[in-house]
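> Would you be able to build a 3D model of this:
(one chain, ligands or ions: 1)
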Amino acid sequence: MDPPLDLQPSMMVRPVWPKCCCRRRLFWGLLSTLMVLLTLRFLISGGHEELLSHSLPYFMSGGGHRISPPLLPSSDDFLLLPPPEACSPRAPSLLVLVVSAPYHKTQRQAIRSTWGGARCAGKFTVQTFFALGLPQKPSFQAALELEAAKHQDLVQGRFLDTYGNLTLKTLSLMGWAATHCPGTLFLVKVDDDIFLNLPGLAEELEHRTTLAPTYLGQIHWRVWPRRDSRSRHYIPTSLYPAEHFPPYCGGAVYVLSGAAVPILLGASRHVPLVPVEDIFVGLCAHWAGIAPQHLARLTGGDHFPPDRCCYRGVLLSVHKVTPFEMAAVWDTTTPYKETCRVWQWALGYLRCKALAWMATL
Ligand SMILES: *[C@@H]1O[C@H](CO)[C@@H](O)[C@H](O)[C@H]1NC(C)=O
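So this is what the prediction gives:
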C-alpha cells in the first residue's frame with residue numbers, strides 16, 4: 001500500500017505572481033474569451049436567413065397562408081395627423097416612426113434637434129414622425145395639439161396610451177404608414193430613447209432589395225411565453241399555447257420594407273393579439289412566411305460608452321439614451337465618418353461590445 005501523499009509541500013510552492021501581472025492576465029484572459037464568444041455568437045446568428053427559413057420548424061407553417069386584406073384604419077381612428085404633404089405627392093423613401101408616450105415631450109424634442117432633424121440619409125429622403133395614443137390625463141391633450149401644430153409630426157391614435165396597448169400602437173402606426181405613406185421603401189420603428197445612426201442605416205439599406213418583404217433587426221431566438229401572471233409580459237396559455245415564439249426582431253428598433261407593412265397588417269387578423277409588441281409583429285411575420293433577418297449592428301443594447309466610432313461608424317442604433325445624452329452624443333459624432341480609424345472599423349461591432357461590457361464592470 002502506498003504511503004499517504006503529503007500534499008503540504010506542493011501547496012507551498014504555489015508560484016507567486018506580482019499582483020499587477022495577475023490582474024492584467026485575468027483582464028486579457030477575460031477579454032479574449034469575450035471576444036471569442038462574441039465572434040461565435042455573431043457568426044452563428046448573423047445573416048443566415050436561408051438557414052432560418054429552411055431548417056427551422058417555425059417557418060414550415062408560415063408562407064402557405066392566403067393573406068387577408070390589410071386591417072386599415074380610417075381617419076376617425078386618429079386624433080392628430082401630420083399634414084398630407086408629409087407623404088404626398090412623394091413619400092419619403094425612409095419613414096422613421098418613433099414610438100413615444102404623450103408626456104415624453106423632452107424625448108421628442110431631443111430627437112427632433114438631433115438625428116430626427118435629418119431630411120436625407122445616403123440616397124434616402126427621410127421623414128420622422130412620432131406615434132402616440134391618448135394621454136391618461138385628458139387635460140394634456142391641449143399641449144399635444146400645440147406641439148402637433150408647431151412641428152406637424154405627431155400621429156395620435158384613438159386608444160389609451162398604456163403599456164398594455166403597445167400592440168395597438170404598432171397596428172396604428174403601420175396602418176397609418178400603409179394608408180398615408182404607401183410609397184415608402186422602408187419603415188423604421190424605434191423607441192424614443194434610441195439614438196439612430198441614420199447615415200449608417202441608409203448605407204446598410206441601400207444594399208438591400210425592396211422587392212421581397214423585409215423584416216430586419218436583432219433576432220431573439222427561442223423566447224418562451226411568460227406564464228407568471230405578475231409579469232409585465234404575461235401571456236396566458238389560452239392566448240398563446242405553444243412553448244416558444246418564432247424568432248422575432250427586438251422591439252427597440254426594427255426595419256420593415258414598405259411592401260411588408262400591408263402583408264403584416266393582413267396577417268394581424270389571424271394572430272393572437274399578444275400584448276407584447278415585438279412578439280406580435282414576429283407572429284404576424286411568421287404567419288405571413290416572412291423570415292426575420294438578423295443585423296447585429298442594429299442593436300437594442302445600451303451602456304455603450306460615448307465612443308465616436310461606435311456611435312457613428314459601427315452601431316446603427318443605441319438604446320436607453322436619455323434626452324440629455326442624445327444631444328451630447330450628437331455633438332460628438334458629427335460630422336459623419338471622420339471619426340473611425342481602420343482598426344476600429346475592422347474590429348467594429350466586437351470592439352463596441354467589449355467597450356460596453358467594460359463600461360458595466
Ligand atoms: C387600450 O385602449 C382602449 C381604448 O382607449 C382602452 O379602453 C383600454 O383600456 C386600453 N387597454 C389597456 C390595457 O390599457
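> Any part of the one helix or strand Ala148 maps to near the ligand?
Per DSSP states H and E, Ala148 falls inside helix 141-151. No: using C-beta under 6 Å from any ligand atom, helix 141-151 never reaches the ligand; the gap is at least 13.1 Å. Just so you know, the C-beta spots here come from the backbone N, C-alpha and C atoms, and that holds for glycine as well.
> Who is Ile219 paired with across the strands?
Cys249 (DSSP bridges).
> can you tell me the residue of the stretch 251-361 of the chain closest to the ligand?
Pro275 (7.0 Å; C-beta to the nearest ligand atom).
> helix, strand or coil for that residue?
coil (DSSP: H, G, I helix; E, B strand; the rest coil).
> so what's it up against?
Shown in contact with Pro275 (C-beta atoms under 8 Å, 6 or more residues apart in numbering): Gly164, Asn165, Leu166, Thr167, His233, Ile235.
> Give me the buried stretch members for the helix holding Ala148, please.
Residues of helix 141-151 classed as buried by neighbour count (16 or more other C-beta atoms under 10 Å): Leu144, Glu147, Ala148.
> ditto for stretch 325-335
Met326, Val329, Trp330, Thr333.
> Just list the residues touching the first one, thanks.
It stands for Met326. Met326 touches Ala110, Ile111, Thr114, Trp115, Phe195, counting by C-beta under 8 Å, 6+ apart.
> where's it, which helix or strand?
helix 323-333.
> That helix: how far from the chain's middle?
In terms of C-alpha atoms, centre = their mean, to the nearest Å, the centre of helix 323-333 is found 19 Å from the chain centre.
> Report the mean confidence score over that helix.
Here the mean pLDDT over helix 323-333 is 86, rounded to a whole number.
> Save the buried residues of stretch 325-335 as CSV, and put in distance to His303 too.
Compiled in CSV, the buried residues of stretch 325-335 are given as follows (distance: C-beta to C-beta, whole Å):
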residue, distance to His303
Met326, 15
Val329, 13
Trp330, 18
Thr333, 17
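> now the helices for this protein?
8-12, 19-45, 49-55, 58-61, 105-112, 141-151, 166-180, 198-206, 260-267, 277-288, 308, 323-333, 342-359 (DSSP state H).
> Count the neighbours of Leu160 for me.
Using other C-beta atoms under 10 Å, Leu160 has 12 other residues around it.
> What of Thr210?
Around Thr210 there are 15 residues (other C-beta under 10 Å).
> show me the contacts for it.
Applying C-beta under 8 Å, 6+ apart, the residues near Thr210 are Leu185, Phe186, Ser257, Gly258, Ala259.
> What of Gly122?
Pro199, Ala202, Glu203, Leu205, Glu206.
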